[in-house]
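Q: Dropping a prediction and its sequence here:
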Amino acid sequence: MSKRLLVLIAGLVVAAMIAFTVFGKLHSSSDKTDTNPAFSAYINAFTSGIISNESTIRILLTDEIGKPIEIGKPIEKTLFDFSPSIKGTAVWLDSRTIEFRPEKPLPPNTQYKAEFYLSELLDVPSEFETFNFDFQTMQQSYEVFVDKMTTTDKKTLRTQRLEGTLSTADVADPLVVEKILTASQNGKDLAITWIHEGSRTISRFTIEGIHAILQFSDPILEDQTLDGLVTLSGGSVLKYIIEDNEIRVYPQTRQTGPRTITAELGVKNILGMPLKARYLMEILFEELKPAVELIGKGVILPNSNGLIFPFKAVSLKAIDVKILKIYEKNIPQFLQVNNLEGSSELRRVGKVVLKKTIQLTQKSAMDLGKWNTYSFDLAQLIKAEPGAIYKVIISFRGTDGSMNFVVTNLVTTKPVANATVELYDYQLQVLKTLKTNADGMCDATFKKKPFLMLVKSGTQRGYLKLDDGSSLSLSAFDVSGEEVQK
């Protein structure tokens, strides 16, 4: 009997087909419209940054309009002009808020320049007649995660079920999502069943009838006992199924780290001939460090089902969420020293409005050692005020004194790579100097918790006190570290 032995999932192919094939050209940052802060006397807030392709465009006036209005009815006057052009209608939501509603979803990854004709509503000096602003629709993208694989045939252990998650950066039509993913095994298409969450950015899929095998060159003698002949290092209890030249091996417990699978000389083919040599193969079961990542582009999108914040995590039982709020009435004061992307002197205009630990162990039979996809609804945690600016921080800390730091952009929440992170004790002595990776993350182990963090990226500086009760960030970065709650 040949000693050739292969470990594989027999011909399983799960393909993510690119369904979102046409993206608009992304304009350079030099095309960005500069907003005159003096407009804050008339305009309190407006749509900007990256938005969903199904978003509306809003203007929030500083003061209530002093004229009769009809809430919810189309406004006859032309108040908006967009480049590229957008067809739609403008309506009053209340005495301060005007909303433009596009007739159809906007194309992805497209930058728009907008004009709002303020003089059509208010008597203003000539330099304030037209308010210029811009925004950009999100580039659609997707990620596919394999959550777990389980045995479905309890009698023969011949078939398995694969469960996973497909997440999109922006909202997507469920019918379009289902065309992204296909699965086949040994040239045969496998059926995929779908469950689409209300956020329309997360879809869960199941693939049935998958086989995992050990494959030999010769047919295997079926009535032999394999206990002790095919083993996995670490003393794991195994179950076996023999079919033709295949042995299916099923560990009864989760495996982590390096393992050796061994086929002994006593394994026989159907002629009773044993293996000519003992066969060993090294297998690595990855043990992932605790980590948390944003999904897609990290943008929080308001929709009819709430403010859904999707993320993924591994080896964590809980995360800590902090939400900072810049009050609507304080936005003019905020704009005195910032543009909308800025974050200077936040303590003067905002504060932490929520600190909460969210448990990640609510899903039954979830394997926390794998990357899992989660989401929470900010609408269940806070009551978002129109015009207010919110900043969301997700953090965790390991129980062995390790701390993980995540540095992200304030507005887009995209990770900031290659930022310098300096950790100080109370006496302002440097404990550690770290660099963030491409995901905006870095980690270190401390005997005692640092007092202060200084983050440097280009000419920007960010400071964060890490002592309990002093968690308000005064910087352009989202950085924090907390101990996971047991």
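A: Arrived safely, thanks for sending.
Q: ok now do the closest residue to Phe145 other than its chain neighbours, which residues does it touch?
A: Take Phe145 and drop its neighbours on the chain: the residue closest to it by CB to CB, 6 or more residues apart in numbering is Thr165, 4.7 Å away. In short, each C-beta sits where N, CA and C put it, glycine included. For Thr165, the contacting residues are 144-145, 147, 202-205, 373, taking CB atoms under 8 Å, 6 or more residues apart in numbering as the criterion.
Q: 10 Å - rerun?
A: For Thr165, the contacting residues are 143-147, 195, 197, 202-205, 295, 310, 312, 371-374, by CB atoms under 10 Å, 6 or more residues apart in numbering.
Q: Got phi/psi on it?
A: Dihedral angles phi and psi of Thr165 (degrees, to the nearest 10) take the values phi -130, psi 140.
Q: Report pLDDT for it.
A: Among the per-residue scores, Thr165 shows a pLDDT of 90.
Q: Next one: it from Lys370, what distance?
A: Remark: distance between Thr165 and Lys370 (CB to CB, to the nearest Å) = 11 Å.
Q: tell me, what's touching those two both at once?
A: Contact criterion CB under 10 Å, 6+ apart; residues shared by Thr165 and Lys370: 145-147.
Q: nearest to Asn418, of those?
A: Of all the shared contacts of Thr165 and Lys370, Phe145 has the smallest distance to Asn418: 26.8 Å, by CB to CB.
Q: Wait, Asn109 touches Ile51, no?
A: No: in terms of CB atoms under 10 Å, Asn109 does not count as a neighbour of Ile51; the distance is 11.6 Å.
Q: what do those two both touch?
A: Where contact means CB under 10 Å, 6+ apart, the residues bridging Asn109 and Ile51 through contact with each are 136-138, 170.
Q: Wait, a strand at Lys447?
A: No: when DSSP: H, G, I helix; E, B strand; the rest coil is applied, Lys447 is found to be coil, with no strand at that position.
Q: Give the burial count for it, as a bare number.
A: Lys447 sits with 6 neighbouring residues when counted by other CB atoms under 10 Å.
Q: phi, psi of it?
A: phi -70, psi -30.
Q: before we move on, what about Tyr426?
A: Dihedral angles of Tyr426 (phi, psi; degrees, to the nearest 10) stand at phi -60, psi -30.
Q: repeat for the one 3 residues further on
A: Reported as degrees, to the nearest 10, the phi and psi values for Gln429 are phi -90, psi 140.
Q: Looking at the shared contacts of Thr165 and Lys370, spot the one nearest Pro332.
A: For the shared contacts of Thr165 and Lys370, the residue nearest Pro332 by CB to CB is Phe145; the value is 43.0 Å.
Q: just checking, the closest one touches Tyr374?
A: No: between Phe145 and Tyr374 there is no contact, the gap being 11.0 Å when judged by CB under 10 Å.
Q: Looking at those two, which has the bigger crowd around it?
A: Taking neighbours as other CB under 10 Å, Phe145 and Tyr374 compare with Tyr374 leading, 20 against 16.
Q: Tell me the secondary structure at that one.
A: Applying three-state DSSP to Tyr374 yields a three-state assignment of strand.
Q: related to what we said a few turns ago, kindly state the beta-bridge partners for the residue nearest to Phe145.
A: When assigned by DSSP bridges, Thr165 has beta-bridge partners Phe145, Arg204.
Q: 26 is where my numbering starts, stick with that
A: Yes, from this point I'll number from 26; that puts the last item at Thr190.
Q: Model confidence for Leu497, exactly?
A: Leu497 is assigned a pLDDT of 35 by the prediction.
Q: If you could redo that for Gly74, that was the one I meant.
A: In this prediction, Gly74 has a pLDDT value of 81.
Q: and if you look at Gln452?
A: At Gln452, the pLDDT value in this model is 78.
Q: so how far is Thr72 from the nearest residue to Gln161 once chain neighbours are set aside?
A: Nearest residue to Gln161 in three dimensions, chain neighbours excluded: Gln136, at 4.5 Å (CB to CB, 6+ apart). Computed with CB to CB, the distance linking Gln136 and Thr72 is 13 Å.
Q: Now do the shared contacts for those two.
A: Shared contacts of Gln136 and Thr72, counting by CB under 10 Å, 6+ apart, come down to 159-160.
Q: and Glu152, that's in a strand?
A: No: according to three-state DSSP, Glu152 belongs to no strand; its state is helix.
Q: In contact with it: list those residues for me.
A: Contact analysis of Glu152 by CB under 10 Å, 6+ apart lists 61, 63-64.
Q: Now the buried members of those residues.
A: Burial by neighbour count, 16 or more other CB atoms under 10 Å: within these this picks out Phe64.
Q: Serialize the contacts of Glu152 to JSON lines and add fields for pLDDT, secondary structure and distance to Leu85.
A: As requested, those are exported to JSON lines (pLDDT from 0 to 100; DSSP: H, G, I helix; E, B strand; the rest coil; distance: CB to CB, whole Å):
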{"residue": "Asn61", "pLDDT": "80", "secondary structure": "coil", "distance to Leu85": "16"}
{"residue": "Ala63", "pLDDT": "86", "secondary structure": "helix", "distance to Leu85": "16"}
{"residue": "Phe64", "pLDDT": "89", "secondary structure": "helix", "distance to Leu85": "12"}
